[in-house]
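Student: Could you look at this predicted model? Sequence included:
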Amino acid sequence: MSAGKKAKTANLKSEAADKQQVERLSSLPAQPQPVGQFPRIRMRRNRADDWSRRMVAERRLGPQDFILPVFVKEGGAKREAIDAMPGVSRHTIPSLIELAEQAAELGIPALALFPVVPRELKSGQAEEAYREDNLCNRAVAALKKAVPEIGLICDVALDPYTDHGHDGVMEDGVILNDETIDVLIRQALGQAAAGVDVVAPSDMMDGRIGRIRDALDAAGFQHVRIMSYAAKYASGFYGPFREAVGSKSALGRGDKRTYQMDPANGDEALRECALDVAEGADMLMVKPGLPYLDIVHRVKQEFKMPVFAYQVSGEYAMMKAAAANGWLDNDRVVLESLMCFKRAGADGVLTYSAIEAAQLLRS
Ligand SMILES: NCc1[nH]cc(CCC(=O)O)c1CC(=O)O
Ligand SMILES: [Mg+2]
């Protein structure tokens, strides 16, 4: 027998032996499985060690997931604390630049800017919203110059500028839709001229995305992106923000339920988003955040485009108040809540915890 033939025979023999062994094993009676005990599949195996938890984690949180909302005021005292938002301040432009440098250094991609407008500049028609040299536009220009590597997002809405605190112009108690959009366009053009990267209409007027897009394009601002507050709910969770920008006392009677959404509605959020997508929004936002994660999830599933969520002032205040009482572990709930946004499908979160979260993730 040649060497080649021998080897072939040996192979055949061992294959037969393997087959026999398999048959023997599979004819053994199945091991008795005590019902409800000693499960063969143990989900805890993958959780047993830090390395293996990291290995199977479905997502990772990083500073690139955060957008930091900031408040800017006129000069005077360097910065002012906000009672209901411990750790958050109203900044002057110079102190805001320091904060922007810190955020950029931590890897946070963008700031969302909110001006605190002096009462005497507020009016029925919100003219201050589009004054070329207003606080918001000056802050944008200064930030762009000092920290060009961080993205800047500006709210487009009239509430900081109206004497009644509503997001639009009002007549006989009614917020006028189309007349408001005329003012929003001028506001957005002013922000674009100052150098803003993203305009974020947060007013909830119908049709404003398309009209703002057209106006930006006609004026040569094709590169300015639109992040639409597409599904924005009439929420009690905005309370501390209204204190921070001083639109709360101005709002006095009335609420925003004739333009912001009813918390009972989910399907309606998809219609709102579909309209804004059709009108040219580059990014969508859902607001508030944690109580509306179902909406975040549905919007991401439906539109497959960048979706952001806003963990609003009241959500921040709840966590900080409980932590201050020793009832919650601040660092854990901050990171856990932000991870939950990602799990729901958000591409990023506007959060007042952006700096602390980025620092926690670094350490
Ligand atoms: N259009 C204004 C605006 N833009 C962002 C917030 C709230 C943000 C927060 O609560 O953190 C609000 C308040 C409101 O609609 O009354
Ligand atoms: Mg809409």
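Tutor: Yep, it's here. Numbering: from 1, shown residues only. Ligands and ions are numbered 1, 2, ... in the order given.
Student: use CA for all of it now, contacts and neighbours both
Tutor: Noted.
Student: What is the burial count for residue 284?
Tutor: Per other CA atoms under 10 Å, the neighbour tally for residue 284 reads 26.
Student: Return the distance of the helix or strand hosting it from the chain's centre.
Tutor: Residue 284 belongs to strand 283-287 when assigned by DSSP states H and E. In terms of CA atoms, centre = their mean, to the nearest Å, the centre of strand 283-287 is set 7 Å apart from its chain centre.
Student: where does the stretch 1-150 of the chain dip in pLDDT?
Tutor: Within the stretch 1-150 of the chain, the stretches with pLDDT under 70 are 1-19, 21-36.
Student: Closest residue of it to ligand 2?
Tutor: Proximity of the stretch 1-150 of the chain to ligand 2 (CA to the ion) peaks at residue 112, 20.1 Å away.
Student: send the alpha carbons of the strand holding residue 284 over as PDB?
Tutor: Extracted as PDB, the C-alpha positions of strand 283-287 are listed here (Å, rounded to 0.1, in the frame of the first residue of the first chain):
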ATOM      1  CA  MET A 283     -32.000  67.400  12.700                       C
ATOM      2  CA  LEU A 284     -35.000  66.800  14.800                       C
ATOM      3  CA  MET A 285     -35.500  67.300  18.500                       C
ATOM      4  CA  VAL A 286     -37.800  65.900  21.100                       C
ATOM      5  CA  LYS A 287     -38.400  67.800  24.300                       C
END
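Student: For the next helix or strand after it, list every residue counted as buried.
Tutor: Once strand 283-287 ends, the next helix or strand along the chain (criterion: DSSP H and E) is helix 293-303. For helix 293-303, the buried set under the neighbour-count rule, 16 or more other CA atoms under 10 Å, comprises 293, 295-300.
Student: for stretch 312-322, same thing?
Tutor: For stretch 312-322, the neighbour count (16+ other CA under 10 Å) marks 312-317, 319-321 as buried.
Student: same for ligand 2: which of those are within range?
Tutor: Filtering these for proximity to ligand 2 by CA under 5 Å from the ion leaves nothing.
Student: want to throw those residues into TSV with secondary structure and pLDDT?
Tutor: Formatted as TSV, those follow (DSSP: H, G, I helix; E, B strand; the rest coil; pLDDT from 0 to 100):
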residue	secondary structure	pLDDT
312	coil	98
313	helix	98
314	helix	98
315	helix	98
316	helix	98
317	helix	98
319	helix	98
320	helix	98
321	helix	98
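Student: Show me which of those is closest to ligand 2.
Tutor: Among the buried residues of stretch 312-322, residue 312 lies closest to ligand 2 (CA to the ion), at 19.3 Å.
Student: From ligand 1, how far off is the nearest residue to that closest one once chain neighbours are set aside?
Tutor: Leaving aside its chain neighbours, residue 312 sits nearest to residue 288 (5.6 Å; criterion: CA to CA, 6 or more residues apart in numbering). As judged by CA to the nearest ligand atom, to the nearest Å, residue 288 and ligand 1 stand 8 Å apart.
Student: need the contact list for residue 288.
Tutor: Going by CA atoms under 8 Å, 6 or more residues apart in numbering, residue 288 touches 232-233, 235, 237, 309-312.
Student: ok, which of the residues you listed also contact ligand 1?
Tutor: Filtering the contacts of residue 288 for proximity to ligand 1 by CA under 6 Å from any ligand atom leaves residue 312.
Student: Which of the contacts of residue 288 fall in strands?
Tutor: Using DSSP state E, the subset of these located in strands is 232, 309-311.
Student: Give me the nearest residue to residue 276, chain neighbours excluded.
Tutor: Nearest residue to residue 276, sequence neighbours excluded (CA to CA, 6+ apart): residue 209, at 6.1 Å.
Student: measure the residue of the stretch 1-150 of the chain closest to ligand 2 to residue 344 for me?
Tutor: Going from residue 112 to residue 344 by CA to CA, to the nearest Å gives 22 Å.
Student: Get me the contact residues on the stretch 151-300 of the chain for ligand 2.
Tutor: 206, 272.
Student: any weak-confidence spans in the stretch 151-300 of the chain?
Tutor: Where the stretch 151-300 of the chain drops to pLDDT under 70, the residues are 249-254.
Student: What segments of it are helices?
Tutor: Using DSSP state H, counting those that start in this stretch, the helices of the stretch 151-300 of the chain run over 177-194, 208-218, 239-245, 248-251, 267-279, 293-303.
Student: deepest of those helices, which one?
Tutor: Ranked by average neighbour count under the criterion mean count of other CA atoms under 10 Å, these are headed by helix 177-194 at a mean of 21.
Student: circling back to that earlier point, out of the contacts of residue 288, which end up buried?
Tutor: Buried members of these, counted by 16+ other CA under 10 Å: 232-233, 235, 237, 309-312.
Student: any chance of these in a markdown table, with distance to residue 260 too?
Tutor: Below are these laid out as a markdown table (distance: CA to CA, whole Å):
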| residue | distance to residue 260 |
| --- | --- |
| 232 | 6 |
| 233 | 5 |
| 235 | 8 |
| 237 | 13 |
| 309 | 16 |
| 310 | 15 |
| 311 | 17 |
| 312 | 15 |
